[in-house]
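[1] Quick one, fold the following:
(4 chains)
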2 protein chains.
Amino acid sequence: MTALLRQKDLAPRRWEHLRRILGRDQVVRVDELTEQLGVSAATIRRDLDQLEGLGEIRRVHGGAVSTGGRLEEPLFDDKTSVAIKEKRRIAEAALKYIKPNDTVYLDGGSTVLELARLLKDRSNITNVTNSLRATVELAGPGPRLILVGGELRRLSQTLVGPLTRFLIEDLHIDKAFMGTMGLSLEGGLTTTDPSEAYTKELVMEHAREVILLADHNKAHKISFTRAGRLEKVRVLITDNLMDRKLAKGLRKLGIEVVRV
Amino acid sequence: MTALLRQKDLAPRRWEHLRRILGRDQVVRVDELTEQLGVSAATIRRDLDQLEGLGEIRRVHGGAVSTGGRLEEPLFDDKTSVAIKEKRRIAEAALKYIKPNDTVYLDGGSTVLELARLLKDRSNITNVTNSLRATVELAGPGPRLILVGGELRRLSQTLVGPLTRFLIEDLHIDKAFMGTMGLSLEGGLTTTDPSEAYTKELVMEHAREVILLADHNKAHKISFTRAGRLEKVRVLITDNLMDRKLAKGLRKLGIEVVRV
DNA sequence: GCAAAATCAATCATATTCTTTCATGCGGCT
DNA sequence: AGCCGCATGAAAGAATATGATTGATTTTGC
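    Here you go, the predicted structure:
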């Protein structure tokens, strides 16, 4: 038995301290820690790298922030941050398709979320959605809002799965605004999760008109599973960086392609 | 005067500050922020650009505006603050009634919301709820979460009305934790809104066991409309300021009254 | 509609921080 | 002893963040 009474079991002790600080302040800077712990900055950085490997923190220039804290943006499978300008333009364009007294469905995804933001003051419509983020967006004063029930899929913050069928089958939807992870001629519409796909497909089959919102990054991507048939899509609204070949192919399928 | 040259804040700290201001005022000016944060305008602009990339804000000339997103809680807010200690104690006590693999229903209301907060790390249960607040609370890593579908009632931030029946009737609920606006022997359980009442009643009729969470302020209050039958309540968890007469009367009805 | 003022984007200089690499020292092992 | 493994510290060069400057753009005031 090797009694490890090493004087230098300091690493665990440092981590302890580090976790305490992070739990309290959510963010530390490395020079703060060098001072408090009396070790070199190099060691602190190595410690922080370790903790980052464990997923407890995220490194930032000058220090680290604890994950799951309030100043840590949650992880989505759909990156809001890319092409936000394009997404906003697409959402603007989508707005024109909405008429008074329409019942519109808002799918998950960041582009559709941008559309949701624009619907706050359109009080003469009814929104149906499975997106928690869209719901929060519209939770204040605004148009009528109906959530489909279902199981929360945390990665996308949407309600998915078989339980969503009740409301979707029961409601009449004029225009369904859908997002997608992948869009291609070979793969059609694809997404990462089967339950998510199920709900998407269900909506598309029941909506009177399906309008797809997809920025150019989705082009030629093929994700894990099919999510609805391209034939159900009447309009695709995309940005002007969308691949022309793909647009052409989609037009050939009878889809009205709008580039903004 | 210890006019220490304070370390500049790390970027995440600035962002936090920024988000706070924006959540409160909806709009910030750049020069306002340079002053408050003690960094140059260039840095503020870069920060704002970053946040815009994340979709959290929209840049405007001179500053930025929030894209909205926070949960509205005007009336609700004072309600959360009254008797918060009692509500927490009640929620703590309610926790004991939850067993592994239970399916629990979480109603709207601030006391139940406190319970929801305690359920974040109880991964071995299934939650069903009509409360948007509880949902947001549990939207991060946590136990399985199912939302009943339905129309959003903004005042209470709950899903209510006839559309909620599909899932509630379809799901098996072991324990339903209910809130109420009024609790009295004469009026029974009462609440302000008929749709809300409908959904509450539906849940109570279908749950295997109904546990009512109500602080002493609810005693003898009679609200607009009946919301479920007292006979369905098996346990009332309340605080120690609850009127004894009422407690006694409820016990006579066969309800187990727990005061904490 | 024009001019002044404010704000912005772009660029560069500087300071800070990060990564990489190497040297040192301490403890344990054969 | 002598050697190895490991944690640490130190240093150099790369990367990044910040602040100041300048000319362009937008808003404001008249």
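[2] Please name the nearest non-neighbouring residue to the residue in the stretch 101-250 of chain A that DNA strand C sits nearest to.
    Residue of the stretch 101-250 of chain A nearest DNA strand C, by C-beta to the nearest atom of the strand: A:Leu241 (17.6 Å). Glycine gets a C-beta too; all of them are placed from N, C-alpha and C. Excluding the flanking residues, the one nearest A:Leu241 by C-beta to C-beta, 6 or more residues apart in numbering or on different chains is A:His216, at 4.0 Å.
[3] pretty sure that neighbour contacts A:Arg244?
    No: A:His216 is beyond contact range of A:Arg244, at 10.4 Å (criterion: C-beta atoms under 8 Å).
[4] Confirm A:Phe166 sits in a helix?
    Yes: counting by DSSP: H, G, I helix; E, B strand; the rest coil, A:Phe166 is located in a helix.
[5] That one: what's its closest spatial neighbour, skipping adjacent residues?
    When the adjacent residues along the chain are set aside, A:Phe166 lies closest to B:Phe166, with 3.5 Å between them (C-beta to C-beta, 6+ apart).
[6] so what pLDDT did the one you found get?
    Looking at B:Phe166, its pLDDT reads 97.
[7] Touching, A:Gly161 and A:Leu202? I think so.
    No: assessed by C-beta under 8 Å, A:Gly161 is found out of contact with A:Leu202, at 10.3 Å.
[8] Output the below-cut-off pLDDT ranges for chain A.
    Chain A contains residues with pLDDT under 70 at A:1-10.
[9] buried ones in the longest helix anywhere in it?
    For chain A, the longest helix by residue count, based on DSSP state H, is helix A:10-25. Buried residues in helix A:10-25, counting neighbours by 16 or more other C-beta atoms under 10 Å in any protein chain shown, are found at A:Arg14, A:Trp15, A:Leu18, A:Ile21, A:Leu22.
[10] How about stretch A:242-255?
    In stretch A:242-255, counting by 16+ other C-beta under 10 Å, buried: A:Met242, A:Leu246, A:Ala247, A:Gly249, A:Leu250, A:Ile255.
[11] what sits up against it?
    Under the criterion C-beta atoms under 8 Å, 6 or more residues apart in numbering or on different chains, residues A:183-185, A:212, A:214-216, A:219-220, A:230-231, A:233-236, A:238, A:257, A:259 lie in contact with stretch A:242-255.
[12] re the thing from before, would you say the residue of the stretch 101-250 of chain A closest to DNA strand C is within a helix?
    No: counting by three-state DSSP, A:Leu241 falls outside a helix, being coil.
[13] Could you pull up the contacting residues of it?
    A:Glu86, A:Asp215, A:His216.
[14] Walking through the stretch 1-150 of chain A, point out its strands one by one.
    A:27-29, A:57-60, A:63-66, A:103-106, A:126-129, A:144-147, A:150-153 (DSSP state E, counting those that start in this stretch).
[15] Which neighbouring elements make contact with the last one?
    Contact partners of strand A:150-153 among helices and strands, from 3 or more C-beta pairs under 8 Å, 6 or more residues apart in numbering or on different chains; DSSP states H and E: strand A:158-160, helix A:194-206, strand B:144-147.
[16] Residues in contact with that strand: which ones?
    A:130, A:132, A:158-161, A:163-164, A:193, A:195-196, A:199, B:135, B:138-139, B:144-147, B:149, B:167.
[17] before we move on, back to that, make CSV from the buried residues of helix A:10-25 and add distance to A:Ile57 to it.
    Shown next, in CSV, are the buried residues of helix A:10-25 (distance: C-beta to C-beta, whole Å):
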residue, distance to A:Ile57
A:Arg14, 13
A:Trp15, 11
A:Leu18, 8
A:Ile21, 11
A:Leu22, 6
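[18] Quick one: residues contacting the residue nearest to A:Phe166.
    Shown in contact with B:Phe166 (C-beta under 8 Å, 6+ apart): A:Gly149, A:Phe166, A:Leu167, A:Asp170, B:Val148, B:Gly149.
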